[in-house]
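Undergrad: What follows is a predicted protein model with its sequence.
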Amino acid sequence: MSLSGSTALITGAARGLGAAMADSLLRRGAKVALLDILEDEVKSKAAELEEIYGAGRTLAIHCDVTSTDFEKSFEKVKEHFGSLTIVINNAGIMNEGEWEKMIAINLLAVINGTKLAVKHMEKDGGVVVNVSSILGFKAFSLCPGYTAAKHGVVGFSRALAAFNKEEGVKVRVNLLCPSATDTPMLQTSISAKGPGCALGNLQVFNQFFGDEELEPRTVAEACMRLVEDKSLNGSALKVVASTGAELVQFPELLL
């Protein structure tokens, strides 16, 4: 499906899954704003993608999603591209030793980013994809704070999607829930030692997730279903290496 004419904003887009999703969107004809706290890396990634897909297709924005920079970034994207139709809240960290920071990035910034997306897209319509995790509906003892944040993202996104539908707000809200994905965040967590290093026990990690990690491009391509299929709202797409991508079946929401 062509996304020509669409404009996307992706947080945590300098590398890993965010960069892969930017590539997938650009390949389908969209223009993409890449947001990241890693200023040099996000500028480099945007320039790299423009070399592949053509000038004027990307915008790099240095942004801390826990600050007022985030709202200003939405305004910059609208001013630069003239529209906004896709928002992917992807930025995240995994560090139980800094659990308050982790909740701020992984949950509070996702809530804020979704509300900002609705504010900027409700007139013309659009779609939000919030990146949760397989830990959004499973619990992993080595990272309780991370698990809590991802559960929160699932609950918030499903509830807001239902609210938008009831109120006639033309913004869909969906969830991407991948299993362990080969990104810099995961590799840093696995190799780290000391207090707060949730995944330092590689044996326990492999018992829970299995030995096979997903490639970012595989997850990014699965994510495009949530963007392109306009029938999906409040949907969660689980992506696991052994079984592929499939929609999660939840109990009915209380409305």
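TA: Looks like it arrived, so ask away.
Undergrad: The protein: helices as residue ranges?
TA: Using DSSP state H, the helices of the chain run over residues 16-27, 39-53, 69-81, 99-103, 109-121, 144-167, 184-191, 202-209, 216-228.
Undergrad: Those: which one's closest to residue 88?
TA: Proximity to residue 88 (CB to CB) singles out helix 16-27 among those, at 5.8 Å. C-betas here are computed from N, CA, C, even on glycine.
Undergrad: Comparing the helices of the chain, which stretch has the densest surroundings?
TA: Greatest average neighbour count among the helices of the chain goes to helix 16-27 (a mean of 24), per mean count of other CB atoms under 10 Å.
Undergrad: Show me what it is in contact with.
TA: Contacts to helix 16-27, defined as CB atoms under 8 Å, 6 or more residues apart in numbering, come from residues 3, 6, 8, 10-13, 32, 34, 36, 45, 49, 52-53, 57-58, 86, 88, 90-91, 131, 178, 181, 183-185, 216-217, 219-221, 223-224, 227.
Undergrad: what about dumping the CA coordinates of it to PDB?
TA: Extracted in PDB, the C-alpha atoms of helix 16-27 (Å, rounded to 0.1, in the frame of the first residue of the first chain):
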ATOM      1  CA  GLY A  16      17.100   0.300  16.300                       C
ATOM      2  CA  LEU A  17      13.400  -0.200  15.700                       C
ATOM      3  CA  GLY A  18      12.600   3.500  15.200                       C
ATOM      4  CA  ALA A  19      15.100   3.800  12.400                       C
ATOM      5  CA  ALA A  20      13.700   0.600  10.800                       C
ATOM      6  CA  MET A  21      10.200   2.000  11.000                       C
ATOM      7  CA  ALA A  22      11.300   5.200   9.400                       C
ATOM      8  CA  ASP A  23      12.800   3.200   6.500                       C
ATOM      9  CA  SER A  24       9.600   1.200   6.100                       C
ATOM     10  CA  LEU A  25       7.400   4.300   5.900                       C
ATOM     11  CA  LEU A  26       9.800   6.100   3.500                       C
ATOM     12  CA  ARG A  27       9.800   3.000   1.200                       C
END
